[in-house]
Every structure is written in structure tokens, then in C-alpha cells.
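*Asks:* based on what follows, work out the 3D shape:
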Amino acid sequence: MTDPPATPRPAATVAILREAPGGPEVLLTHRPPTMAFGPGLHVFPGGALDDGDADPRLLERLVPSPDGDPAGLHGPAFAVAAIREAWEESGILLASGLDARRFPSPAAAAGAGFADLILARDVTLRGDWLVPLSRWVTPPVVPRRYDARFFVAWLPDGAVPSFHGGEVVAHEWISPLAALDAMADGRIELWMPTSATLQQLAGVRARDDVHALAPRGPAPAPAVRIVDDAGTVTAIDVGGAGGVPGAAGRTWVVGQRSCVVVDPGDPSDEAADAVLDVVARRGARVVAVLVSSSDPACAGGGEGMALRLGVPLLGPATAHRQLAASLTTIVPGETVDAADLTVRAIADPGGRADALGYLVEEVGVVLGCGREARR
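*Replies:* Sure, this is the predicted structure:
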């Protein structure tokens with residue numbers, strides 16, 4: 001009998017940006033190879049929530065976001081956790097007040113806890129400096145799971161980072177695209193939520209650009225729709241594409257007994273369960289997961305789905321440059337082996353050189369990049 005999957009621990013992560021002559025740079029820290037979770041990875045500061053993150057005395061010190069919490073997921077305790085983790089791992093204090101500039105570094109704190117240090121000083125926690133971005137849940141097949149809420153913040157003026165040697169062996173400020181190139185070249189190792197967030201931040205040029213990435217509302221429940229008369233292609237409309245609550249996306253299940261899943265862009269358990277429910281209702285099995293591009297809205301849940309099912313993840317060669325996942329390249333003209341319908345990769349109908357479409361030949365439907373069309 002298989003053990004049930006571990007319950008994800010609530011967690012918070014913050015991508016910290018700073019202005020630079022060539023465009024914004026993001027802080028990446030390198031985890032020691034001895035860490036129990038994510039050894040050797042380059043990550044943003046973050047970690048599991050502590051009980052103290054919901055301490056009413058700390059919440060009284062927290063300035064709320066002026067935009068609120070549209071998705072209902074990035075609440076005050078997560079904001080406190082993100083601020084605490086940023087300080088513990090990088091020495092960056094997202095706070096203001098008379099004592100904010102002379103707040104001790106983690107190394108100089110003499111073992112004092114974050115809450116005690118805050119409450120003993122004239123310091124206000126700046127939740128309004130945090131922009132909520134996304135939610136990522138570790139797939140059920142991973143023994144140590146997290147339900148992580150991602151935020152973005154800008155480095156406060158005058159802040160000087162200092163790093164905790166037990167959790168950080170190195171760090172660098174790097175542009176999001178340069179970080180993705182470093183991953184593609186094998187110089188650093190990322191995990192999927194980090195690479196997806198770097199893709200989302202790649203277009204940021206000014207502070208207002210970050211706010212444009214934020215959730216606009218809660219993610220609606222997945223909605224299932226049959227695409228073709230034979231009932232062999234099913235669309236699942238999801239509301240957390242790229243991990244961003246409220247961002248619309250579309251995933252497809254193609255096949256009758258041997259199916260493929262196309263563009264699982266929503267990494268939430270809810271979206272994955274909706275896909276697997278369609279498969280189970282058919283009494284089918286999944287033989288491959290396909291992504292049409294590396295866009296997080298198309299590929300965000302691809303690695304988790306492939307790991308969960310123990311099947312290969314297939315996609316265009318260009319996706320190797322931006323996806324932190326083991327990807328098998330598929331090129332125009334190739335078909336997916338073992339699927340009981342003919343699913344053929346074709347050039348993207350929208351003309352994108354970095355994307356593919358997938359033609360289901362028996363029903364004449366082209367899928368990919370959030371849209372479907374009759375051939």
C-alpha cells in the first residue's frame with residue numbers, strides 16, 4: 001500500500017530586485033550541497049512559515065499592501081515570513097523606522113529571534129514593499145513538500161546584504177535572462193518555480209512593471225470542456241497559469257486509452273487533480289506530457305505532472321534554455337509514440353519561433369500556447 005503524499009508546509013519566498021545600469025538584477029543565493037531540501041540549487045530567499053509569523057504583535061507592526069490580497073493567498077503571516085526569511089538568509093530588512101538602518105545582521109543577533117529583535121526596536125515591517133506574485137506547491141511525489149507563496153520586492157535604499165553561512169555558500173546579483181542562460185549552460189542549477197519566476201521578471205524594467213504581474217483575483221475552479229465530437233480531446237480551463245492566481249490558462253487531455261497531456265501551465269494541485277480526473281474517467285493512462293513553449297503559462301505544471309505520472313516531458317528545443325526541468329526535444333513533424341491518437345508537432349500557428357503547435361490528426365485540432373483551432 002502506497003503511503004499518502006506529505007502535506008505541504010506553508011512557505012514564503014521573496015525575489016529581491018535592485019536597479020542596475022543594464023536593467024534590474026535579482027538576488028540568487030546558492031544553497032549548500034548538505035541541505036535537506038534543494039541542495040546545491042540557486043534560489044531566492046525563503047522558507048517555511050514559523051508559528052511566530054502570525055504573532056499579533058508582529059502583525060500590528062506590518063504595513064499591509066495597498067492593493068490588499070486579491071487572490072486570498074498572500075496573507076499577513078506570509079508577508080511576515082517573507083520579510084523574516086529575507087533578513088535571515090540575506091541580511092536585507094524590508095522595514096522602516098528609526099532603528100531599521102542599524103538593525104543587527106543575522107550574524108550579529110547573538111541568537112536572538114527575529115520577533116524579539118523587531119519588538120525591541122522602533123521598526124515597521126513593510127508589507128507594502130512586497131508585491132504578491134505566485135503560488136507553487138511541491139508535487140506529491142516529493143517527500144518534503146511546500147506550499148510556497150512568492151513575492152517580489154526591491155532592495156531598500158542603503159541596504160547592505162549579509163549572508164548566513166549555514167544556508168548560503170555564495171550569492172550573486174544577476175539579470176533574470178542571464179540567470180536563465182547560466183542555468184542552460186550548466187553553470188547554475190534552478191528548480192521550476194525559480195526559473196518560471198525569472199521568466200516572469202525578465203520583462204521588468206521599472207517598479208510599476210512588477211505590479212502588472214501581480215494576481216488580480218482568486219483562481220477559479222478548473223472547468224472541463226469536450227473539444228471534439230468523438231470526445232477524445234478535453235480542454236481544462238485553469239485559473240493559475242504560471243503559478244499566478246487569476247491568470248487564465250488551458251490544458252488538454254488527448255486520447256482514449258493512451259493519452260497525452262498538453263500544456264499543464266497551472267502548477268496547483270487543483271489543476272493537476274482536474275487533469276487526472278479526466279484521465280481516470282476514461283480508464284486511461286498518460287504516456288507523455290507536452291509543452292508548446294517554455295512560457296510559464298504553458299509549462300508551469302509540466303515538470304510536476306511528468307514527475308507525478310512517471311512519464312517524459314516533451315517540448316521544443318528552445319525550451320531547454322528556460323525550463324528547469326528534464327525535457328526531451330520534439331521537433332515539427334515528429335509524433336508522440338504510444339499515444340492512441342496521432343499527435344504531431346508542427347510549427348507554431350501563431351508564428352512564434354520558440355514555440356510549437358500540436359496537431360491531433362484524427363480530429364483536425366491544433367493545440368498550444370493557450371488556444372485551439374480547427375485545421
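
*Asks:* please make it C-alpha for all contacts and neighbour counts, starting now.
*Replies:* Fine.

*Asks:* can you report how many residues lie near A223?
*Replies:* 13 (other CA atoms under 10 Å).

*Asks:* oops, could you answer that again for E60 instead?
*Replies:* 11.

*Asks:* measure it to E270 for me?
*Replies:* 33 Å (CA to CA, to the nearest Å).

*Asks:* the bottom helix or strand of the chain by mean pLDDT?
*Replies:* strand 371-374 (a mean of 88; mean pLDDT, DSSP states H and E).

*Asks:* buried residues in that strand?
*Replies:* The neighbour-count check on strand 371-374 (16 or more other CA atoms under 10 Å) flags E372 as buried.

*Asks:* list of residues touching stretch 206-225?
*Replies:* With CA atoms under 8 Å, 6 or more residues apart in numbering as the test, stretch 206-225 has contacts from 24, 70-72, 131-134, 152, 154, 200-201, 203-204, 234-240, 244-247, 270-271, 274.

*Asks:* next structured bit after the longest helix seen in the chain?
*Replies:* Counting by DSSP state H, the longest helix found in the chain is helix 76-90. As assigned by DSSP states H and E, the chain's next helix or strand after helix 76-90 is strand 95-96.

*Asks:* hmm, G239 and G246 touching each other?
*Replies:* Yes - when contacts are counted by CA atoms under 8 Å, G246 is listed as touching G239 (5.0 Å).

*Asks:* what about P39, which helix or strand?
*Replies:* Once you assign secondary structure using DSSP H and E, P39 falls outside every helix and strand.

*Asks:* neighbours around the nearest residue to it once chain neighbours are set aside, how many?
*Replies:* The shortest distance from P39 to any residue other than its chain neighbours is 4.4 Å, reached at P33 (CA to CA, 6 or more residues apart in numbering). P33: 13 surrounding residues under other CA under 10 Å.

*Asks:* helix or strand: which one has P33?
*Replies:* Short version, using DSSP H and E: P33 is in no helix or strand.

*Asks:* I figured it was touching H42, is that so?
*Replies:* No - with contact defined as CA under 8 Å, P33 does not count as touching H42 (10.9 Å).

*Asks:* which neighbours do these two have in common?
*Replies:* Common neighbours of P33 and H42 (CA under 8 Å, 6+ apart) do not exist.

*Asks:* if I look at G68, how far off is A178?
*Replies:* Distance from G68 to A178, by CA to CA: 32 Å.

*Asks:* follow-up on the earlier one: okay, G246 and G239: which has more neighbours?
*Replies:* Neighbour count, other CA under 10 Å: between G246 and G239, G239 has more, with 26 against 20.

*Asks:* residue contacts, the more buried one?
*Replies:* 218-222, 245-249, 266.

*Asks:* swap in 6 Å and give it another go.
*Replies:* Neighbour list for G239: 219-220, 246-248 [criterion: CA atoms under 6 Å, 6 or more residues apart in numbering].

*Asks:* where does pLDDT dip in the chain?
*Replies:* Low-confidence segments of the chain, defined by pLDDT under 70: 1-3, 34-38, 164-166.

*Asks:* how many neighbouring residues does G351 have?
*Replies:* 10.

*Asks:* all the helices of the protein, residue numbers only.
*Replies:* Using DSSP H, helices in the chain cover 56-60, 76-90, 114-119, 176-184, 192-201, 207-211, 269-281, 296-299, 302-309.

*Asks:* how long is stretch 86-97 end to end?
*Replies:* Start-to-end, stretch 86-97 (CA to CA) is 18 Å.

*Asks:* buried residues in it, which are they?
*Replies:* Result for stretch 86-97 [16+ other CA under 10 Å]: buried residues 86-95.

*Asks:* can you list these in TSV and add distance to A214?
*Replies:* Formatted as TSV, these follow (distance: CA to CA, whole Å):
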residue	distance to A214
A86	20
W87	23
E88	25
E89	24
S90	24
G91	25
I92	22
L93	22
L94	19
A95	21
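
*Asks:* between those, which sits nearest G368?
*Replies:* A86 (37.5 Å; CA to CA).

*Asks:* contacting residues around the closest one?
*Replies:* 45, 92 are the contacts of A86 under CA under 6 Å, 6+ apart.

*Asks:* hang on, the earlier thing: and the two most separated of the buried residues of stretch 86-97?
*Replies:* E89 and A95 (15.4 Å).

*Asks:* in CSV, could you pull the C-alpha coordinates for stretch 158-172?
*Replies:* Taking C-alpha atoms only, stretch 158-172 is exported to CSV below (Å, rounded to 0.1, in the frame of the first residue of the first chain):
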residue,chain,number,x,y,z
GLY,A,158,21.1,51.8,1.6
ALA,A,159,20.6,48.1,2.4
VAL,A,160,23.8,46.1,2.5
PRO,A,161,23.3,42.3,2.3
SER,A,162,25.0,39.9,4.6
PHE,A,163,24.6,36.1,4.3
HIS,A,164,24.0,33.2,6.7
GLY,A,165,26.9,30.7,6.0
GLY,A,166,24.8,27.7,7.1
GLU,A,167,22.2,28.3,4.4
VAL,A,168,24.1,30.3,1.7
VAL,A,169,27.5,29.4,0.4
ALA,A,170,27.6,32.1,-2.3
HIS,A,171,25.3,34.7,-3.9
GLU,A,172,25.1,36.9,-6.9
